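A.B. asks: Model the structure of this input:
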Amino acid sequence: FLIISFFFLITISIASFLTLLNYIINYDEMNQRILESKEIPVFTKVTHIYFSVMLAFAILLSFFIYQSIRNKFYLAISIFLFICIHIFTSRTGLIAFYFSCLVSFVYYIIKKKKIVWGLSGIVMIFIVPIIAYFMLPSFKNRIINTYDDIQRYQQKKDINHRSVSMRLVAWEMSYHAFLK
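C.D. replies: Down below sits the predicted model:
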């Protein structure tokens with residue numbers, strides 16, 4: 001298990017490093033892409049959505065391995081990937097990550113009776129995105145873009161090439177089709 005996990009984490013870390021390097025080199029362009037509902041291109045043949053979910057899994061995996069064997073290498077990978085997922089700002093990966101953290105913290109509260117640790121983690125789920133909003137322009141731009149998408153949907157404006165708005169319309173149409 002550790003060998004497979006190690007290679008998975010190394011692979012996702014290299015892809016994240018190269019994607020981060022591309023982001024840094026093309027900083028203004030990448031931040032503009034986010035404002036235009038476009039993704040930060042990932043340095044793999046995997047789409048940014050799948051990559052972000054793998055990134056969320058990798059963060060949790062590396063942290064749980066660190067907790068088990070106390071090897072700081074896994075903690076460093078976890079921290080690096082944690083920063084990357086917030087810079088890359090794929091909503092799917094962020095939601096997967098934070099939802100998984102929430103489930104883990106609730107588990108720690110209920111099953112392990114580590115109430116302080118679990119509640120501290122839940123509080124961090126709310127604090128970290130606020131910090132990211134003020135410290136990471138890409139994260140702030142994704143929040144601005146998401147808000148704009150929702151406003152366009154509510155005001156019945158053009159939603160073409162708008163990720164969230166198009167999903168909201170799809171959900172609305174699916175709901176109405178389900179009712180029929």
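
A.B. asks: residues touching N141, list them.
C.D. replies: Contact partners of N141, counting by C-beta atoms under 8 Å, 6 or more residues apart in numbering, are N31, I34, L35, T89. Every C-beta, even on glycine, is put in place using the N, C-alpha and C of the backbone.

A.B. asks: Need the phi and psi values for it.
C.D. replies: phi -60, psi -40 (degrees, to the nearest 10).

A.B. asks: Return the residues in contact with the spatially closest residue to it that is not a sequence neighbour.
C.D. replies: Nearest residue to N141 in three dimensions, chain neighbours excluded: I34, at 4.2 Å (C-beta to C-beta, 6 or more residues apart in numbering). Contact analysis of I34 by C-beta under 8 Å, 6+ apart lists I40, T89, S138, N141, R142, N145.

A.B. asks: 6 Å instead?
C.D. replies: Contacts for I34 (C-beta atoms under 6 Å, 6 or more residues apart in numbering) come out as S138, N141, R142, N145.

A.B. asks: Sort out which of the residues you listed are in strands and list them.
C.D. replies: Cross-referencing the contacts of I34 against strands under DSSP state E gives no overlap.

A.B. asks: Provide the secondary structure category for S37.
C.D. replies: coil (DSSP: H, G, I helix; E, B strand; the rest coil).

A.B. asks: Correct me if wrong: it contacts S163.
C.D. replies: Yes: between S37 and S163 there is a contact at 4.9 Å, judged by C-beta atoms under 6 Å.

A.B. asks: how close does H48 get to I34?
C.D. replies: Separation of H48 from I34 (C-beta to C-beta, to the nearest Å): 11 Å.

A.B. asks: So which elements touch the host helix or strand of S52?
C.D. replies: Using DSSP states H and E, S52 sits within helix 48-69. On a contact count with 3 or more C-beta pairs under 6 Å, 6 or more residues apart in numbering; DSSP states H and E, helix 48-69 meets helix 2-25, helix 72-88, helix 91-110.
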